[in-house]
Structure formats: C-alpha cells, structure tokens
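Engineer: no FASTA, just this:
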C-alpha cells in the first residue's frame with residue numbers, strides 16, 4: 001500500500017502547487033446556498049477537497065505505515081485524515097468567501113460618474129471609457145447614447161456615464177463643461 005499512499009501524496013501536492021502557482025479557482029459545486037442541503041456536508045464536488053484528501057490522506061497513510069501500523073489501520077487513518085483535511089479546507093474557504101468584502105465595481109454602480117474616452121465612440125460604433133472609482137482606473141466598453149445630433153466623440157473627450165448597457169458596457173454622453 002506504500003506505493004498508493006506515495007502516489008496520492010505526489011498527485012495531491014502537484015495539484016496543490018499548480019493551484020498556488022497558477023492562481024486557479026476551485027470548481028466547487030455548491031456549499032453556500034440553502035438549496036445545498038443534501039450533500040453540503042460532503043464537499044466531494046470540490047477540487048480543493050480532493051487535493052487536500054490526496055495530499056494529507058496519502059501523507060498520513062505513509063506515516064502510519066512507517067510507524068508499523070497494520071494495513072487496515074493505515075488505510076482507515078489515511079481516509080479519516082484526508083477527509084477531515086479536505087472538508088476543513090473547503091469549509092474555511094467557503095467561510096472566507098462568504099464573509100469577504102469585494103472591491104469589484106459593477107457597471108450599474110458607475111451611473112452618474114464621469115470618465116474619459118480611451119477610444120473614440122460614435123453612433124453604432126463602440127469605444128472605450130476609463131472611469132476612476134474606488135481608487136483605481138477601470139476601462140469599460142462604451143456606447144454612445146442614441147441622439148440624432150451626436151457625432152463621433154474623439155479619444156480624450158470627457159463623458160458622463162448615463163446608464164448600463166448590454167453585457168456590462170456603459171452608455172455615455174458628452175459631459176457638459
């Protein structure tokens with residue numbers, strides 16, 4: 001069984017290092033909502049769960065066999081330690097995600113703010129607007145508010161965000177100075 005535990009540790013640690021280096025998101029299949037009553041306690045749909053189960057369960061199995069435990073005790077111990085490590089990791093991350101504050105700005109929050117065109121915009125021709133909000137500059141796709149007398153607005157023109165457009169874009173109009 002030593003080779004199984006060693007393979008589990010190698011696979012789990014490889015996935016753990018890859019997720020740290022690549023900064024990937026967990027493919028968690030739930031756990032935060034009220035609809036997740038059935039298997040909320042069993043986070044088997046989470047990649048994070050499997051990474052910790054393999055890494056820590058395999059390590060516990062190796063340690064127990066090295067200490068001279070029987071095959072049954074090593075297997076049960078590896079399973080329990082791995083399951084607990086995976087479940088605790090998922091629970092901690094879910095708790096952090098539920099209680100964390102995001103600085104992400106939604107397009108609807110920008111209505112009424114001013115920005116500067118980074119790419120020209122005209123009727124039927126989308127451009128790009130830069131808006132300063134929450135201490136950072138964010139660029140959004142900009143569409144000109146439909147108006148018969150509005151011509152194309154060049155780069156550098158100050159604009160006013162008047163509404164949210166399709167797919168997070170912004171509807172802008174020339175800012176009156």
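Structural biologist: Done, it's in. Please read all numbers here as calculations on a predicted model, not as lab measurements.
Engineer: Contacts only, for residue 174.
Structural biologist: 150, 153, 157, 158, 159, 160 (C-beta atoms under 8 Å, 6 or more residues apart in numbering). Using the backbone N, CA and C atoms, a C-beta is placed for each residue, glycine as well.
Engineer: C-terminal to the top helix by length along the chain, what's the next element?
Structural biologist: Ranked by residue count, the top helix of the chain under DSSP state H comes out as helix 71-99. Scanning forward in sequence from helix 71-99 by DSSP states H and E, the next helix or strand is strand 114-119.
Engineer: Next SSE downstream of that next one?
Structural biologist: strand 127-133.
Engineer: which secondary structure elements does that next one contact?
Structural biologist: Contact here means 3 or more C-beta pairs under 8 Å, 6 or more residues apart in numbering; DSSP states H and E; on that basis strand 127-133 packs against strand 114-119, strand 136-144, strand 158-164, strand 170-174.
Engineer: one more time with 6 Å
Structural biologist: The contact analysis (3 or more C-beta pairs under 6 Å, 6 or more residues apart in numbering; DSSP states H and E) places strand 127-133 against strand 114-119, strand 136-144.
Engineer: I appreciate the help and will end here.
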